[in-house]
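S.K.: Following is a predicted model, sequence given first.
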Amino acid sequence: MRIYNTATRQVEEFTTYTPGLARGYVCGITPYDHVHVGHGRVYVFFDMFRRYLESLGYEVRLVVNFTDIDDKIIAKAREEFGPEAYKRWREVPERYIAEFFEVSKRLFIKPAYAYPRVTENVDDMVKWISALVEKGFAYVAPDGSVYFEVGKVPNYGVLSRQRIEELIAGARVEPEPGKRNPLDFALWKSWSPGEPWWNSPWCPGRPGWHLECVVMSTKHLGVPFDFHGGGADLIFPHHENEIAIAKAYFGVDNFAKYWIHVGYLTVRGEKMSKSLGNVITLREVLSKYSGEALRLAYAMSHYRKPMEFSFELLDQAEDIVKTLYTAYDELSQAVADAGDADRERVDIGNFKAAFYSALEDDFSTPEAVQQLYAAAKYIISTVLHKVDKLSKNTVLAILADYVKMADVIGVLERREVAKEVEEAVKALVEVRARLRSERLYQLADYVRERAKALGAELHDFGPRTYYTIRRRG
Ligand SMILES: Nc1ncnc2c1ncn2[C@@H]1O[C@H](COP(=O)(O)OP(=O)(O)OP(=O)(O)O)[C@@H](O)[C@H]1O
Ligand SMILES: [Zn+2]
């Protein structure tokens, strides 16, 4: 398969350092407020990418961190707890990390290999900084902060394709007292009154963001590893600076082979973000729509393009989810009506081929979703009508191919239905069949209406009746 690599600005063949194993790191949230639909786009993308790699046979180790100490967290704690902030600040990240896990579950995001937190890795970070100072890549400022000296690494700017001179001229980074060069960035930030702090050889303080991600990723994944990603806003300076640190520390050219960046989720063309005040939280969306509908909505845009969020898009996606379940439920029931031999040729091979080749080509989920949806509609319009002319093996093979595709996108995650519900609906189907055989059509229709009101839709295929059960929650 081929994927776009920000480091080379090219769509490249994806191969891993260790055959059969894919190791990746995604920059996690700064847990100082509710997770929003923009964040969701990044984590759902990497979950689909992971599922796709798994479908190709890879073992995937995906690490997602939490930046659980940061200026924004401190500010939020002060706002909430006033003078108590110094003691209670940890409640802020704890609350939003819990929320992240809650919505991840409802979005059917598979658990990561590890979820490292900055506050649990400060000792390692201090060791790294000492080594970087010793190697001459970092210096201690008068206030005890430690800065990384960007000019000491060759090719700074490789990822964002910028030259140091241009960056300085562009004045995109504010000069700060204590820095030798405005592009230098803090590896260790000295403590200010009222802030949380950790001990270090230089001064009490806390680590800097760029260092944190290099330490945590390489700790869990080794060096070099296969892919590193996040939202497109992280290319510069965050990922650029991660690369510079790793280059200095390990002497490797690039500590991750593929750099994968997800485009912005926008509202009226603007990036959804806290600072712009146009945030829609995942909790809000997931109180009205299924996690599967949101996954489909994300998948309907190519990951590198901006995606305009709307509730109409979610309505549309929810309808698709319903069709996907109808095809799954009814095809599962139809297996029992299939015979021993195929008297007709029916398969979903063309949808399957197009589905996988779309993903193979820079992960084109919009095309893949179309193929999955087309397969569902074909199952409903054609396969279900012909099951009595097909062998069980054929029907089972179609079902298996269909489910495998759905598993990559992460839909049909609620396919298990409680046995009691299933039995109750079956009983209604039987009663209705009896009524029809006794020509009591009005009563038969009544049963169907009641079943529908309770969340079970009955569909007739000649003498056979299949049903789909509405998923809740
Ligand atoms: N609107 C968005 N579209 C796509 N990705 C986003 C969006 N907002 C944030 N991200 C990504 O989500 C991940 C977590 O981001 P982080 O917690 O740093 O939030 P943030 O960018 O500060 O968002 P906000 O400004 O809304 O607080 C990052 O990879 C970031 O690039
Ligand atoms: Zn990061």
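M.R.: It's in. Ligands and ions are numbered 1, 2, ... in the order given.
S.K.: Show me what counts as buried in stretch 186-194.
M.R.: By 16 or more other Cβ atoms under 10 Å, the buried positions in stretch 186-194 come out as A186, L187, W188, K189, S190, W191. Bear in mind the C-beta positions are built from the backbone N, C-alpha and C, glycine included.
S.K.: List just the nearest of these to I3.
M.R.: Proximity of these to I3 (Cβ to Cβ) peaks at L187, which lies at 30.9 Å.
S.K.: The closest one sits in which helix or strand?
M.R.: strand 185-190 (DSSP states H and E).
S.K.: what sits up against stretch 449-468?
M.R.: Here stretch 449-468 makes contact (Cβ atoms under 8 Å, 6 or more residues apart in numbering) with 322, 325-326, 329-330, 333-334, 337, 384-385, 387-388, 425, 428-429, 432-433, 448, 469-470, 472.
S.K.: Check for me that V417 belongs to a strand.
M.R.: No: the assignment for V417 (DSSP: H, G, I helix; E, B strand; the rest coil) gives coil, which keeps it out of a strand.
S.K.: For it, which non-adjacent residue is spatially closest?
M.R.: Nearest residue to V417, sequence neighbours excluded (Cβ to Cβ, 6 or more residues apart in numbering): I469, at 5.2 Å.
S.K.: what's the answer for A186, then?
M.R.: For A186, ignoring the flanking residues on the chain, the nearest one in space by Cβ to Cβ, 6+ apart is G208 at 4.1 Å.
S.K.: Need the pLDDT of the one you found.
M.R.: pLDDT, G208: 98.
S.K.: re the thing from before, using TSV, please lay out the buried residues of stretch 186-194 together with distance to ligand 2.
M.R.: Formatted as TSV, those follow (distance: Cβ to the ion, whole Å):
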residue	distance to ligand 2
A186	15
L187	14
W188	17
K189	16
S190	22
W191	23
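S.K.: for stretch 282-298, which positions count as buried?
M.R.: By 16+ other Cβ under 10 Å, the buried positions in stretch 282-298 come out as 282, 285-286, 289-298.
S.K.: one step back: for the residue nearest to V417, what are phi and psi?
M.R.: Phi and psi for I469, reported as degrees, to the nearest 10, are phi -110, psi 130.
S.K.: How about the closest residue to ligand 1 within the stretch 301-450 of the chain: what's its closest non-neighbour residue?
M.R.: Closest approach between the stretch 301-450 of the chain and ligand 1, counting by Cβ to the nearest ligand atom: M307, at 7.8 Å. The shortest distance from M307 to any non-neighbouring residue, by Cβ to Cβ, 6+ apart, is to S301 (3.8 Å).
S.K.: Just give me the neighbour total for the one you found.
M.R.: Around S301 there are 19 other residues, counting by other Cβ atoms under 10 Å.
S.K.: before we move on, the earlier item: of the contacts of stretch 449-468, select the buried ones using a ChimeraX command.
M.R.: Buried subset of these, written as a ChimeraX selection, criterion 16+ other Cβ under 10 Å:
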select :322,325,326,329,330,333,334,337,384,387,425,428,429,432,433,448,469
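S.K.: Filter the contacts of stretch 449-468 down to just the ones in strands.
M.R.: Taking DSSP state E as the definition of strands, the contacts of stretch 449-468 contribute I469.
S.K.: and A338, what does it touch?
M.R.: Here A338 is in contact with V387, D388, L390, S391, K392, T394, V395 (criterion: Cβ under 8 Å, 6+ apart).
S.K.: Over to P154?
M.R.: When contacts are taken as Cβ under 8 Å, 6+ apart, P154 is in contact with K247.
S.K.: Torsion angles phi and psi at the residue nearest to M307?
M.R.: The phi/psi pair for S301 (degrees, to the nearest 10) reads phi -110, psi 150.
S.K.: Spell out which residues of this protein are next to ligand 2.
M.R.: By the rule Cβ under 5 Å from the ion, the part of the chain lying against ligand 2 is C27, C213.
S.K.: looking at the chain, which helix or strand is least sure?
M.R.: In the chain, the helix or strand scored least confidently by mean pLDDT, DSSP states H and E is helix 164-169, which has a mean of 74.
S.K.: Name the spans of the stretch 1-150 of the chain whose pLDDT lies under the cut-off.
M.R.: Low-confidence regions of the stretch 1-150 of the chain, defined here as pLDDT under 70, do not occur.
S.K.: Would you map the helices across it?
M.R.: Assigned by DSSP state H, counting those that start in this stretch, the stretch 1-150 of the chain shows helices spanning 37-55, 71-81, 85-88, 91-106, 122-134.
S.K.: Name the stretch among those that sits most buried.
M.R.: Highest mean neighbour count among the helices of the stretch 1-150 of the chain (mean count of other Cβ atoms under 10 Å): helix 37-55, with a mean of 23.
S.K.: Could you check which residue of the stretch 201-350 of the chain lies nearest ligand 1?
M.R.: The minimum distance from the stretch 201-350 of the chain to ligand 1, using Cβ to the nearest ligand atom, falls at G231 (2.0 Å).
S.K.: buried ones in stretch 261-275?
M.R.: Applying 16+ other Cβ under 10 Å to stretch 261-275 flags H261, V262, G263, Y264, L265, T266, V267, K271, M272, S273 as buried.
S.K.: What is the end-to-end distance of that stretch?
M.R.: In stretch 261-275, first residue to last residue: 21 Å (Cα to Cα, to the nearest Å).
S.K.: For that stretch, the averaged confidence score.
M.R.: The model assigns stretch 261-275 a mean pLDDT of 96.
S.K.: Quick one: distance of that stretch to the chain centre.
M.R.: Averaging C-alpha positions (Cα atoms, centre = their mean, to the nearest Å) puts stretch 261-275 16 Å from its chain's average.
S.K.: Pull the residues that contact that stretch.
M.R.: Counting by Cβ under 8 Å, 6+ apart, 6, 33, 36-38, 40-42, 45, 229-235, 276, 278-280, 301-309 sit against stretch 261-275.
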